[in-house]
Structure formats: structure tokens, C-alpha cells
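>>> Mind looking at a prediction? Sequence and model below.
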Amino acid sequence: MLNIDQAVQHLNTGGILIYPTETVYGIGCLPSKTQALNQLLEIKKRQRQFILIADDWQRFNHWVDESMPLSHLNTPKPTTFIVKAATHVPDTLKNLQQEIAIRKIKEHAISRLLKQLEEPLISTSANLPGEATPTTTEGLMKVFSYPILNGKPGGQSPSRIIHFQSGQIIRP
């Protein structure tokens with residue numbers, strides 16, 4: 001189990017981290033750490049598209065199309081928004097429609113970590129493809145050998161996902 005300072009150092013040196021969010025346990029890395037990102041893609045059996053999480057909407061300004069009005073995306077429940085990505089965003093973070101998934105974390109233990117990072121954190125549920133997300137640190141340690149940020153997740157279900165442009169609810 002890592003504390004916040006240890007987790008920041010681990011991420012900044014290219015590590016993958018498991019952490020509690022306001023929903024379920026997540027696993028991720030910094031988008032600038034290509035080797036960690038490629039390892040995460042391999043773990044999740046994907047070629048692209050993860051969520052970026054941050055503690056403030058302004059942290060996404062570099063990642064989303066400049067025409068995106070992010071400040072009014074606040075919702076009472078944890079919500080990931082699919083928005084138009086900035087042109088320089090790596091394909092591994094976008095969907096085929098050149099969109100990116102972003103979520104502002106409300107007050108939770110993970111917020112303290114996010115405040116200390118210089119970029120948003122890549123995030124996905126801490127599970128293997130087709131498997132349930134473990135709900136305890138013991139369960140996570142049976143599946144993964146990555147360090148875990150100390151703390152408990154805020155729920156049992158992942159965030160809902162809404163496509164910003166269309167308003168379509170992708171995951172309730």
C-alpha cells in the first residue's frame with residue numbers, strides 16, 4: 001500500500017498504479033508514460049480508449065477540443081463524458097470518432113493524488129477483461145502485482161458514461 005507521495009513518485013517514474021475512486025478501484029498511469037500506457041493496453045486487451053480523470057475541469061483543457069465548454073459538465077453522480085479530443089491526443093486515448101473520455105473526480109481520497117499530478121491520470125476499472133472488479137485490496141492483490149494507493153472506493157459500480165454532443169447515455 002502506497003501513500004499519496006509514494007504514489008506520485010511511482011506514477012512520475014512510469015509506474016502503473018491501482019487506486020480507489022469515488023466509484024470502484026481503478027488502474028492507470030500517466031498518459032506521458034508510453035511504456036506504462038502500452039502495458040495497460042495489454043492488460044486490458046485493448047488497442048485504444050481509456051478515461052482520463054482529474055480533480056478540476058481545467059486540467060483537461062490541453063486534452064479536449066478548444067471549443068468544448070467543460071465548466072458546466074457537473075453532475076450529482078460520478079459521470080464520464082465523451083467529448084471531442086484535441087488533435088494532438090494520442091490515438092491510444094481516443095475512440096475511432098476522435099473523442100476522448102474525461103471525468104472530474106469529486107471530493108474523494110483520489111482527489112489528493114490528482115492535485116499533485118501535472119497531468120490527468122489514465123483510468124480504467126481494475127479488473128481483467130470479462131472479470132468483475134475486485135472490491136477489496138486482497139482481491140486486487142490476487143489479480144495484479146501493482147502497488148495500490150491506500151484508501152477505499154466510494155461505491156460498487158463504475159461511473160455512468162454520457163456522450164456530450166448527443167446526450168446519449170452509454171452506461172447508466
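Received, thanks.

>>> make it CA atoms for all contacts and neighbour counts henceforth
Fine.

>>> all strands of the chain, in order?
17-20, 25-28, 51-54, 79-84, 99-104, 121-125, 160-163, 169-171 (DSSP state E).

>>> Could I get the average pLDDT for the third one?
Right, the one you point to is strand 51-54. Averaging pLDDT along strand 51-54 yields 96.

>>> Equivalent analysis for the fifth one, please.
Summarised as a single mean, pLDDT over strand 99-104 is 95.

>>> go on, the last one?
Confidence over strand 169-171, taken as the mean pLDDT, stands at 91.

>>> Sheet partners, orientation included, of it?
The pairing partners recorded for strand 169-171 under DSSP bridges are strand 160-163 (antiparallel).

>>> Show residues contacting stretch 38-51.
Residues from elsewhere that reach stretch 38-51 (Cα atoms under 8 Å, 6 or more residues apart in numbering): 16, 28-29, 80, 91-95, 100-103, 122-124, 127-129.

>>> Just the buried residues from these, in ChimeraX please.
In ChimeraX, this line selects whichever of the contacts of stretch 38-51 come out buried by 16 or more other Cα atoms under 10 Å:
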select :16,28,29,80,91,92,93,94,95,100,101,102,103,122,123,124,127
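
>>> Show me the one of the strands of the chain that comes nearest residue 142.
Set against residue 142 and scored by Cα to Cα, the strands of the chain come closest in strand 17-20, at 12.8 Å.

>>> Export the closest one to CSV, keeping only CA atoms.
Output in CSV follows, covering the C-alpha atoms of strand 17-20 (Å, rounded to 0.1, in the frame of the first residue of the first chain):
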residue,chain,number,x,y,z
LEU,A,17,-1.0,2.2,-10.0
ILE,A,18,-4.2,0.8,-8.6
TYR,A,19,-6.3,3.3,-6.7
PRO,A,20,-9.7,3.8,-5.1
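
>>> Can you mark which positions in that strand are buried?
Using 16+ other Cα under 10 Å as the test for burial, strand 17-20 gives 17-20.

>>> quick one: the spatially most central residue of the chain from residue 58, how far?
When Cα atoms, centre = their mean is applied to the chain, the residue found nearest the centroid is residue 123 (2.1 Å). In this view, residue 123 and residue 58 are 18 Å apart by Cα to Cα, to the nearest Å.

>>> Can you tell me who residue 28 pairs with across the strands?
residue 17.

>>> Quick check: residue 57 touching residue 72?
No. Applying Cα atoms under 8 Å, one finds residue 57 not in contact with residue 72, separated by 9.4 Å.
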